[in-house]
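Asker: please find the sequence and the predicted model below.
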Amino acid sequence: MADVLSQSEIDNLLKALSSGEVDPNEMKETSEKSVKEYDFKRPAKFSKEHLRTLEIIFEHFGRLLSTNLPVYLRKNVQVSVVNSEALTFSEFTNSLSNPVILGVINFLPLNGSVMMELASNLGFAMIDRMLGGQGEPLEKSREFSEIELSIVEKIMAVCVRLLREPWKNVIDLNPVLERVETNPQFAQIIAPTEMISIVTLNMKIGDVEGLMNVCLPFFTLESIMDKLNTKFWFSTMQSASDEDFHDYLEDMINHVDIPIKAVLGTSTISVSDFVNLQLGDIIKLDSKVAQELNIYVGDIRKFTALPGAMKAAYAVRITSIVREEE
């Protein structure tokens, strides 16, 4: 709704018009609405807010890749989001090389699929590493063999499983890797004129660097587009109070197994005496029978105790707690 002028503002405006200080023609020109061009061949289905939210999701995905892939590749992996953009599906497929690694992912429970493209040099580096090599890419690209494709599918399946957690604030996904294609012509999941968003990630495996592109069709994300905004994202994030977080940490710590040992005493003997030890020999310790024992939690001296027994097992009874300053 337009701003409503007060009576004094109306009087001042009429006075300026009558005195010639304000030109009515200039006011008419400034009040005209600007026309924005709209390309019907490339409808703007992804806003900047949508693309920014997708970047946040895949930044989380990149961190998961950086921590999980080294378990399989036994090499340092660094992943970061480069950019995101909206374009038609034909523009994306026309830019692909041949051969290429294209994972077609069923984005259950959403309708439709998404695609994950991995640069061929990264694929050959992963294969080389999985087969015991140094993780070096080929000097000249070639077609993948059946055995190589089988290895690539296992790596892609790991990447697909990692998609669940980054999307949990938007939707509970259950993505499934349907197949891996090396020819872009066999991966036509939607019409060429359909709009998609592309999130580009830079992946570095050791010294080998390449790009991973994730193709997200509007048709697949249409039912959750309202949730792809930063306001919804942060409002649905699981926010726990400091007290709840403290309780959570305490509960986690309570289930951690830690070693505890009671040291009866120590002794020093020569190597020759140690080598000649026989059954029944006695080693003299530096502690007395009635002396309290030191109890270690891990490698930290934490308690003192007296030795004893409980039923058929040896036991100790805590007599004091050793503070840090002691």
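Answerer: Alright, I've got the coordinates.
Asker: who's the closest spatial neighbour of residue 223, skipping the chain neighbours?
Answerer: Excluding its sequence neighbours, the residue lying closest to residue 223 (C-beta to C-beta, 6 or more residues apart in numbering) is residue 110, at 6.5 Å. C-betas here are computed from N, CA, C, even on glycine.
Asker: packing partners for the helix or strand containing residue 82?
Answerer: When secondary structure is defined by DSSP states H and E, residue 82 falls within strand 77-88. Helices and strands touching strand 77-88, by 3 or more C-beta pairs under 8 Å, 6 or more residues apart in numbering; DSSP states H and E, are helix 48-73, strand 195-205.
Asker: tell me which residues of the helix or strand just after it are tucked away?
Answerer: Once the chain leaves strand 77-88, the next helix or strand it forms, by DSSP H and E, is helix 89-94. Within helix 89-94, the residues scored as buried using 16 or more other C-beta atoms under 10 Å are 89, 92, 93.
Asker: mind listing residues that contact helix 89-94?
Answerer: Contact with helix 89-94 is made by 184, 187-196, 198, 213, 215, 217, as judged by C-beta atoms under 8 Å, 6 or more residues apart in numbering.
Asker: any low-confidence regions in the chain?
Answerer: Along the chain, segments meeting pLDDT under 70 span 1-5, 20-44, 230-246, 248-249, 324-326.
Asker: which residues in it form strands?
Answerer: Listed in chain order, the strands found in the chain under DSSP state E are 77-88, 101-106, 113-118, 176-181, 195-205, 208-217, 260-263, 293-297, 300-310, 313-321.
Asker: ok, the first one: who's next to it in the sheet?
Answerer: Next to strand 77-88 in the sheet, as set by DSSP bridges, lie strand 195-205 (antiparallel).
Asker: relative to strand 113-118, how tilted is the partner strand?
Answerer: 30 degrees (axes from the mean of the first three to the mean of the last three C-alpha atoms, to 10 degrees).
Asker: so which bits of strand 195-205 are buried?
Answerer: By 16+ other C-beta under 10 Å, the buried positions in strand 195-205 come out as 195, 196, 197, 198, 199, 200, 201, 202, 203, 205.
Asker: so what sits opposite residue 205 in the bridge?
Answerer: Counting by DSSP bridges, residue 205 forms beta bridges with residue 77, residue 208.
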